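Novice: Curious how this folds, go ahead:
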Amino acid sequence: MARKTGKQKPAMLPLPPQVPACDELAAVSDDSQKLGDFITWFNETHRDENLSDFVTDKLLAEYFGIDLDQVETERREILAYQRLLNAWQDIRKELLLNGESD
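Specialist: Here you go, the predicted structure:
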C-alpha cells in the first residue's frame, strides 16, 4: 500500500498544443529546401542581386502561404508544453521516490 503524505497525485499527461502552422511548415519542408537551394545558387551566381537569408525565408513562407508569426507563436507553445512535460515527469519521479504510485 502506498504511503499517503498529503501530496496530490499529478494529473494525467497534458495534451500537446495544436500547431497547424508548424505542421504546414513541416509539410512543405522538402519543396521549401529545394527552392531555398535555388535561391542560394541564384545569390552565388548573381552577386549584384543578392537576397538575404531573412528575405529568402520570408519569400518562401509567403510562397507557401505560411504565417511566420503564427509559426513562432506555435514554437513557443511547443516549448512551453515541453517544459510542462518535464515538470510533470519530475513530479512523478519525486512521487515514486517517496513510495507513492499513480
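
Novice: Please spell out which residues along the one helix or strand V55 maps to are buried.
Specialist: For V55, the host element (DSSP states H and E) is helix 53-64. Buried residues in helix 53-64, defined by neighbour count with 16 or more other Cβ atoms under 10 Å: T56, L60, A61. C-beta coordinates here come from the backbone N, C-alpha and C atoms, glycine included.

Novice: Let me have those residues in JSON lines, adding pLDDT and distance to C22 as columns.
Specialist: Output for the buried residues of helix 53-64, formatted as JSON lines (pLDDT from 0 to 100; distance: Cβ to Cβ, whole Å):
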{"residue": "T56", "pLDDT": "79", "distance to C22": "19"}
{"residue": "L60", "pLDDT": "87", "distance to C22": "15"}
{"residue": "A61", "pLDDT": "89", "distance to C22": "12"}
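
Novice: TSV for those, including distance to E44?
Specialist: Output for the buried residues of helix 53-64, formatted as TSV (distance: Cβ to Cβ, whole Å):
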residue	distance to E44
T56	13
L60	17
A61	22
